[in-house]
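K.L.:
coordinates for the following, if possible.
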Amino acid sequence: MSARHSDAHAALWPSLGLTVLDGDRTPLDLDELFGDRAPKVLEIGFGMGDTLAATAAAEPGRDFLGIEVHTPGIGNLLAEVQDQKLSNVRVARGDAMQLVHRLAPGSLDAVHIFFPDPWPKARHHKRRLVQPANVALLRDRLRPGGVLHCATDWPDYAEAMAATLDADPGLELLDHDRAGRPETKFERRGAGAGRPITDLRYRRRTGNRSSA
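P.N.:
Numbering: from 1, shown residues only. Below is the predicted model:
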């Protein structure tokens with residue numbers, strides 16, 4: 001990490017950071033974590049954190065929990081939190097689905113998965129984040145009417161995402177709107193390479209079909 005990132009990490013991690021341990025199923029109360037009852041948004045794999053920081057700054061009425069394994073990205077997000085004096089951001093390090101297991105059903109207002117690793121080789125597709133079991137768990141953690149927003153610049157992954165999300169009985173397609181999502185570094189790189197950008201926004205159904 002740069003000195004800026006390291007200083008921010010040292011200053012803020014003790015109060016804003018959360019380490020996710022493998023196998024830990026201790027329930028995580030998000031209202032307690034943030035100290036309020038505002039709607040909660042989980043961003044999985046926030047990269048360098050610029051998008052999460054920009055969204056949190058634009059939506060002060062919602063709380064944002066980001067999880068990442070990339071240490072420089074964590075440091076950069078904490079530096080942005082410090083520079084912009086953001087009070088509605090918390091940062092987790094570790095496996096995202098381990099974290100999701102600890103959340104209460106219906107505790108999230110939205111889940112953001114922006115430009116996850118596409119694992120382009122066919123033999124690696126099983127490592128992709130947007131898989132049926134993961135989607136079912138994420139949907140269960142959304143409140144009825146809550147939104148799962150995915151974005152990718154890999155056409156075959158976009159098709160696989162759409163097929164997986166369409167197949168979940170508790171989700172319904174909302175739209176393909178970027179919905180104010182700030183442009184990311186990965187998005188610019190993909191667009192520069194001529195790859196189309198796909199946004200997929202699905203909503204948790206409010207009827208009986210939404211049960212996990």
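
K.L.:
what's the helix or strand for H112?
P.N.:
If you go by DSSP states H and E, H112 is part of strand 108-114.

K.L.:
how about that strand: buried residues?
P.N.:
Buried positions in strand 108-114, judged by neighbour count with 16 or more other C-beta atoms under 10 Å: 108-114. In short, each C-beta sits where N, CA and C put it, glycine included.

K.L.:
which among those gets closest to V69?
P.N.:
I113 (14.6 Å; C-beta to C-beta).

K.L.:
quick check: closest non-adjacent residue to the closest one.
P.N.:
If the residues on either side of it in the chain are set aside, I113 comes closest to C150, at 4.6 Å by C-beta to C-beta, 6 or more residues apart in numbering.

K.L.:
how is the one you found assigned, secondary-structure-wise?
P.N.:
The three-state assignment at C150 reads strand, by DSSP: H, G, I helix; E, B strand; the rest coil.

K.L.:
what about it, distance to G207?
P.N.:
Going from C150 to G207 by C-beta to C-beta, to the nearest Å gives 23 Å.

K.L.:
mind checking which of the two has more residues around it?
P.N.:
Between C150 and G207, counted using other C-beta atoms under 10 Å, the more crowded position is C150 (25 against 9).

K.L.:
which ones are touching the most centrally placed residue in the chain?
P.N.:
What sits nearest the mean C-alpha location of the chain, by C-alpha atoms, centre = their mean, is E43, with 1.9 Å. Shown in contact with E43 (C-beta atoms under 8 Å, 6 or more residues apart in numbering): 51-52, 55, 64-67, 111-114.
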